[in-house]
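Chemist: Here's my sequence, what's the structure:
(one chain, ligands or ions: 2)
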Amino acid sequence: MQSGRILSNDLLISGALTAAYYIPDFITADEESYLLRKASIHESPKQKWKTLANRRLQLWGGEILRKNILFREEMPRFLTPYPDIVGRLKGTKAFESSPHGEPNHIILNEYLAGQGIMPHEDGPSYYPVVATLSLGSHAVFHYYSYSKSEDGSMQVGSPRPSSGRTINPAPVLSVFLEPRSVIITTGDMYTSHLHGIDEVTDDNFMGNGRLRCQAGKEVMVSNWQAVRAEGMRDVLHFGGTLARKTRFSLTCRDVEKAAAPLKGQALRTSSRG
Ligand SMILES: O=C(O)CCC(=O)C(=O)O
Ligand SMILES: [Fe+2]
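Modeler: Ligands and ions are numbered 1, 2, ... in the order given. Sure, this is the predicted structure:
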(Lines give C-alpha, C1' and ligand atoms only; values in the text may rest on other atoms or scores of the structure.)
(Ligands and ions follow the chains in the order given, each with its own letter.)
Protein backbone atom coordinates (compact mmCIF):
# COMPACT_ATOMS: atom_id res chain seq x y z
CA MET A 1 0.00 0.00 0.00
CA GLN A 2 1.34 3.41 -0.87
CA SER A 3 0.69 6.69 0.84
CA GLY A 4 -2.02 8.70 -0.90
CA ARG A 5 -4.07 5.68 -1.89
CA ILE A 6 -6.14 5.67 1.25
CA LEU A 7 -8.49 8.17 2.87
CA SER A 8 -7.39 11.76 2.57
CA ASN A 9 -7.29 12.28 6.33
CA ASP A 10 -4.95 9.33 6.79
CA LEU A 11 -1.73 9.66 8.64
CA LEU A 12 1.24 7.54 7.75
CA ILE A 13 3.17 7.07 10.93
CA SER A 14 6.06 4.99 9.76
CA GLY A 15 8.10 4.39 6.62
CA ALA A 16 6.67 3.09 3.36
CA LEU A 17 7.51 -0.55 4.06
CA THR A 18 6.91 -0.54 7.79
CA ALA A 19 3.52 1.03 7.52
CA ALA A 20 0.88 1.98 10.03
CA TYR A 21 -1.91 4.41 9.21
CA TYR A 22 -3.96 6.23 11.80
CA ILE A 23 -7.41 7.48 10.82
CA PRO A 24 -9.23 9.54 13.47
CA ASP A 25 -13.04 9.81 13.49
CA PHE A 26 -13.55 6.83 11.22
CA ILE A 27 -17.11 6.65 12.58
CA THR A 28 -19.34 9.25 14.24
CA ALA A 29 -20.24 9.32 17.95
CA ASP A 30 -23.78 8.14 17.08
CA GLU A 31 -22.40 5.21 15.10
CA GLU A 32 -20.08 4.38 18.01
CA SER A 33 -23.01 4.29 20.47
CA TYR A 34 -24.99 2.16 18.04
CA LEU A 35 -22.12 -0.32 17.66
CA LEU A 36 -21.50 -0.46 21.41
CA ARG A 37 -25.17 -1.23 21.94
CA LYS A 38 -25.20 -3.90 19.27
CA ALA A 39 -21.94 -5.42 20.45
CA SER A 40 -23.09 -5.77 24.01
CA ILE A 41 -26.58 -7.11 23.35
CA HIS A 42 -25.72 -9.13 20.28
CA GLU A 43 -26.59 -12.71 21.06
CA SER A 44 -26.62 -15.64 18.73
CA PRO A 45 -25.59 -19.21 19.50
CA LYS A 46 -22.70 -19.18 17.04
CA GLN A 47 -21.29 -15.82 18.04
CA LYS A 48 -21.17 -15.90 21.78
CA TRP A 49 -18.45 -14.41 23.88
CA LYS A 50 -15.31 -16.49 24.19
CA THR A 51 -13.54 -15.81 27.46
CA LEU A 52 -9.75 -15.77 27.44
CA ALA A 53 -7.44 -15.28 30.42
CA ASN A 54 -7.33 -11.50 30.03
CA ARG A 55 -10.22 -10.50 27.75
CA ARG A 56 -13.42 -11.64 26.05
CA LEU A 57 -14.02 -11.79 22.33
CA GLN A 58 -16.58 -12.58 19.68
CA LEU A 59 -15.88 -13.73 16.15
CA TRP A 60 -17.83 -12.42 13.21
CA GLY A 61 -17.63 -13.55 9.59
CA GLY A 62 -16.90 -17.14 10.57
CA GLU A 63 -14.39 -19.21 12.42
CA ILE A 64 -10.89 -20.12 11.33
CA LEU A 65 -10.71 -23.86 11.68
CA ARG A 66 -8.24 -26.41 10.46
CA LYS A 67 -5.53 -25.47 7.95
CA ASN A 68 -6.15 -21.76 8.43
CA ILE A 69 -9.42 -21.93 6.51
CA LEU A 70 -12.26 -19.56 7.35
CA PHE A 71 -15.66 -21.26 7.40
CA ARG A 72 -17.69 -18.26 6.49
CA GLU A 73 -20.77 -16.96 8.20
CA GLU A 74 -22.81 -13.95 7.36
CA MET A 75 -21.61 -10.66 8.86
CA PRO A 76 -24.12 -9.15 11.28
CA ARG A 77 -26.14 -6.27 9.86
CA PHE A 78 -24.47 -3.73 12.14
CA LEU A 79 -21.14 -4.31 10.35
CA THR A 80 -22.75 -4.15 6.93
CA PRO A 81 -24.93 -2.39 5.74
CA TYR A 82 -25.06 0.04 8.72
CA PRO A 83 -22.76 1.61 9.71
CA ASP A 84 -21.04 -0.45 7.01
CA ILE A 85 -17.66 -0.86 8.63
CA VAL A 86 -16.72 -3.40 5.95
CA GLY A 87 -17.60 -1.08 3.05
CA ARG A 88 -15.92 1.88 4.67
CA LEU A 89 -12.72 -0.08 5.24
CA LYS A 90 -12.87 -1.19 1.61
CA GLY A 91 -13.08 2.51 0.73
CA THR A 92 -9.72 3.16 2.40
CA LYS A 93 -8.13 0.95 -0.31
CA ALA A 94 -6.10 -0.76 2.42
CA PHE A 95 -7.55 -4.10 1.32
CA GLU A 96 -7.21 -3.35 -2.40
CA SER A 97 -4.76 -6.19 -2.99
CA SER A 98 -6.17 -8.65 -0.48
CA PRO A 99 -7.79 -11.85 -1.81
CA HIS A 100 -11.38 -10.69 -1.23
CA GLY A 101 -10.76 -6.95 -1.52
CA GLU A 102 -12.31 -6.37 1.92
CA PRO A 103 -12.17 -7.83 5.42
CA ASN A 104 -14.07 -11.10 5.76
CA HIS A 105 -13.31 -11.74 9.42
CA ILE A 106 -13.82 -9.44 12.40
CA ILE A 107 -12.90 -10.04 16.02
CA LEU A 108 -14.63 -7.98 18.66
CA ASN A 109 -12.32 -7.75 21.65
CA GLU A 110 -13.49 -6.39 24.98
CA TYR A 111 -10.90 -4.98 27.39
CA LEU A 112 -11.80 -3.84 30.87
CA ALA A 113 -9.59 -1.19 32.46
CA GLY A 114 -6.34 -2.95 33.33
CA GLN A 115 -6.65 -5.47 30.52
CA GLY A 116 -4.56 -5.49 27.36
CA ILE A 117 -2.94 -7.81 24.89
CA MET A 118 0.65 -9.06 25.03
CA PRO A 119 2.97 -8.36 22.11
CA HIS A 120 2.15 -10.83 19.35
CA GLU A 121 2.02 -11.30 15.61
CA ASP A 122 -1.28 -11.88 13.85
CA GLY A 123 0.17 -14.68 11.79
CA PRO A 124 -0.17 -16.21 8.35
CA SER A 125 -3.91 -17.03 8.24
CA TYR A 126 -4.58 -13.47 7.19
CA TYR A 127 -3.54 -11.30 4.30
CA PRO A 128 -1.01 -8.92 5.89
CA VAL A 129 -3.33 -5.97 6.50
CA VAL A 130 -5.26 -5.42 9.72
CA ALA A 131 -7.61 -2.55 10.51
CA THR A 132 -8.57 -2.02 14.14
CA LEU A 133 -11.47 0.22 15.13
CA SER A 134 -11.55 1.43 18.76
CA LEU A 135 -14.83 1.97 20.62
CA GLY A 136 -15.58 3.27 24.09
CA SER A 137 -12.10 4.11 25.35
CA HIS A 138 -8.66 5.17 24.25
CA ALA A 139 -5.67 2.83 24.34
CA VAL A 140 -2.00 3.05 23.41
CA PHE A 141 -0.87 0.60 20.77
CA HIS A 142 2.82 -0.35 20.79
CA TYR A 143 4.73 -2.00 17.96
CA TYR A 144 7.84 -4.04 18.78
CA SER A 145 10.68 -5.57 16.85
CA TYR A 146 12.52 -8.80 17.51
CA SER A 147 16.02 -8.32 18.77
CA LYS A 148 19.01 -10.19 17.43
CA SER A 149 21.01 -10.30 20.64
CA GLU A 150 19.99 -11.26 24.15
CA ASP A 151 21.28 -7.93 25.52
CA GLY A 152 18.63 -5.58 26.79
CA SER A 153 15.84 -7.78 25.50
CA MET A 154 13.19 -9.76 27.24
CA GLN A 155 11.32 -12.91 26.54
CA VAL A 156 7.67 -12.22 25.92
CA GLY A 157 4.94 -14.78 25.52
CA SER A 158 2.86 -14.59 22.39
CA PRO A 159 -0.52 -15.89 21.19
CA ARG A 160 1.43 -17.25 18.24
CA PRO A 161 4.63 -18.50 19.85
CA SER A 162 7.40 -17.35 17.60
CA SER A 163 10.05 -19.97 18.19
CA GLY A 164 11.30 -18.38 21.41
CA ARG A 165 12.68 -15.28 19.72
CA THR A 166 13.37 -12.34 21.99
CA ILE A 167 11.56 -9.06 21.71
CA ASN A 168 13.10 -5.64 22.18
CA PRO A 169 11.11 -4.13 25.08
CA ALA A 170 11.41 -0.58 23.69
CA PRO A 171 8.56 -0.08 21.21
CA VAL A 172 9.56 0.94 17.68
CA LEU A 173 6.31 2.87 17.35
CA SER A 174 3.59 3.90 19.79
CA VAL A 175 0.21 5.18 18.63
CA PHE A 176 -2.58 6.76 20.64
CA LEU A 177 -5.90 5.23 19.65
CA GLU A 178 -8.80 7.59 20.13
CA PRO A 179 -12.28 6.15 20.43
CA ARG A 180 -13.79 5.95 16.89
CA SER A 181 -10.36 5.83 15.25
CA VAL A 182 -8.90 3.14 13.03
CA ILE A 183 -5.31 1.96 12.98
CA ILE A 184 -4.23 0.08 9.87
CA THR A 185 -1.15 -2.12 10.15
CA THR A 186 0.49 -3.44 7.01
CA GLY A 187 3.86 -4.03 5.33
CA ASP A 188 6.79 -4.93 7.56
CA MET A 189 4.83 -3.72 10.55
CA TYR A 190 2.53 -6.68 9.98
CA THR A 191 4.98 -9.27 8.72
CA SER A 192 8.01 -8.81 10.97
CA HIS A 193 6.89 -6.80 13.99
CA LEU A 194 4.66 -7.46 16.97
CA HIS A 195 1.96 -5.31 18.51
CA GLY A 196 0.41 -5.10 21.95
CA ILE A 197 -1.45 -3.00 24.50
CA ASP A 198 -0.14 -2.64 28.07
CA GLU A 199 -2.33 -3.98 30.85
CA VAL A 200 -2.81 -0.72 32.74
CA THR A 201 -5.70 1.16 34.29
CA ASP A 202 -4.19 4.58 33.52
CA ASP A 203 -1.88 6.11 30.95
CA ASN A 204 0.46 8.76 32.30
CA PHE A 205 1.59 11.45 29.89
CA MET A 206 4.46 13.83 30.51
CA GLY A 207 3.55 16.46 27.89
CA ASN A 208 4.61 16.90 24.26
CA GLY A 209 3.38 13.40 23.46
CA ARG A 210 5.60 11.56 25.93
CA LEU A 211 4.12 8.53 27.72
CA ARG A 212 5.57 6.93 30.83
CA CYS A 213 5.37 3.19 30.19
CA GLN A 214 4.92 0.36 32.67
CA ALA A 215 8.66 -0.21 33.10
CA GLY A 216 9.11 3.49 33.93
CA LYS A 217 10.58 4.22 30.49
CA GLU A 218 9.33 7.10 28.39
CA VAL A 219 8.15 6.66 24.82
CA MET A 220 6.94 9.16 22.25
CA VAL A 221 3.42 8.79 20.98
CA SER A 222 3.86 9.26 17.21
CA ASN A 223 0.47 10.75 16.48
CA TRP A 224 0.07 12.95 19.57
CA GLN A 225 -0.39 16.09 17.50
CA ALA A 226 -3.20 14.49 15.50
CA VAL A 227 -5.28 13.63 18.57
CA ARG A 228 -8.34 15.84 18.83
CA ALA A 229 -10.77 14.07 21.18
CA GLU A 230 -12.03 16.28 23.93
CA GLY A 231 -10.14 15.77 27.19
CA MET A 232 -7.39 13.77 25.46
CA ARG A 233 -5.70 16.31 23.24
CA ASP A 234 -4.73 18.55 26.15
CA VAL A 235 -3.36 15.66 28.20
CA LEU A 236 -1.13 14.62 25.31
CA HIS A 237 0.09 18.19 24.88
CA PHE A 238 0.49 19.27 28.49
CA GLY A 239 0.67 16.05 30.48
CA GLY A 240 -1.69 14.25 32.83
CA THR A 241 -3.39 10.94 33.33
CA LEU A 242 -6.05 9.30 31.20
CA ALA A 243 -7.99 6.48 32.85
CA ARG A 244 -8.77 3.53 30.64
CA LYS A 245 -12.43 2.64 30.38
CA THR A 246 -13.95 -0.46 28.90
CA ARG A 247 -12.75 -0.60 25.34
CA PHE A 248 -14.16 -2.63 22.50
CA SER A 249 -12.14 -3.07 19.35
CA LEU A 250 -13.06 -4.47 15.99
CA THR A 251 -10.05 -6.21 14.46
CA CYS A 252 -10.80 -6.55 10.76
CA ARG A 253 -8.80 -8.83 8.45
CA ASP A 254 -9.06 -10.81 5.24
CA VAL A 255 -8.56 -14.55 5.72
CA GLU A 256 -6.89 -15.74 2.55
CA LYS A 257 -8.49 -19.19 2.46
CA ALA A 258 -12.24 -18.95 2.87
CA ALA A 259 -14.67 -21.84 2.48
CA ALA A 260 -18.33 -21.54 1.54
CA PRO A 261 -20.76 -20.75 4.35
CA LEU A 262 -22.10 -23.63 6.36
CA LYS A 263 -25.33 -25.18 5.06
CA GLY A 264 -28.42 -23.03 5.29
CA GLN A 265 -26.51 -19.77 5.60
CA ALA A 266 -26.54 -17.10 2.96
CA LEU A 267 -23.72 -14.63 2.56
CA ARG A 268 -24.24 -10.99 1.80
CA THR A 269 -20.59 -10.14 1.56
CA SER A 270 -19.14 -10.35 -1.94
CA SER A 271 -16.03 -12.28 -2.83
CA ARG A 272 -13.57 -11.80 -5.62
CA GLY A 273 -11.58 -14.87 -4.65
O1 LIG B 1 -7.80 -4.89 20.32
C2 LIG B 1 -6.84 -4.40 19.72
O3 LIG B 1 -6.73 -3.22 19.55
C4 LIG B 1 -5.81 -5.33 19.15
C5 LIG B 1 -6.31 -6.70 18.96
C6 LIG B 1 -5.31 -7.61 18.29
O7 LIG B 1 -4.17 -7.29 18.15
C8 LIG B 1 -5.76 -8.90 17.77
O9 LIG B 1 -6.93 -9.26 17.96
O10 LIG B 1 -4.93 -9.58 17.16
FE1 LIG C 1 -3.12 -8.59 16.88
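
Chemist: tally of neighbours for the closest residue to ligand 1 within the stretch 101-250 of the chain?
Modeler: Closest to ligand 1 within the stretch 101-250 of the chain is residue 249: 3.4 Å, counting by C-beta to the nearest ligand atom. Using the backbone N, CA and C atoms, a C-beta is placed for each residue, glycine as well. Counted with other C-beta atoms under 10 Å, the neighbours of residue 249 add up to 26.

Chemist: which SS state does it fall under?
Modeler: strand (DSSP: H, G, I helix; E, B strand; the rest coil).

Chemist: quick one: pLDDT of it?
Modeler: The pLDDT attached to residue 249 in the predicted structure is 96.

Chemist: what is it paired to in the beta sheet?
Modeler: residue 109, residue 134 (DSSP bridges).

Chemist: Isn't it up against residue 130?
Modeler: No: using C-beta atoms under 8 Å, residue 249 is not in contact with residue 130, being 10.8 Å away.

Chemist: ok, which residues in the stretch 51-200 of the chain are in contact with ligand 1?
Modeler: 107, 109, 117, 122, 132, 195 (C-beta under 6 Å from any ligand atom).

Chemist: Just confirm residue 30 is within a helix.
Modeler: Yes: the assignment for residue 30 (three-state DSSP) places it in a helix.

Chemist: Against residue 70, how distant is it?
Modeler: Distance of residue 30 to residue 70, given as C-beta to C-beta, to the nearest Å: 31 Å.

Chemist: what do you get for residue 57?
Modeler: From residue 57 to residue 70 the distance is 16 Å (C-beta to C-beta).

Chemist: more neighbours, the two?
Modeler: With neighbours defined as other C-beta under 10 Å, residue 57 and residue 70 compare such that residue 70 has more, 23 against 16.

Chemist: residue contacts, the more buried one?
Modeler: Each residue near residue 70 by C-beta atoms under 8 Å, 6 or more residues apart in numbering is listed here: 61, 62, 63, 64, 104, 105, 125, 255, 257, 258, 259.
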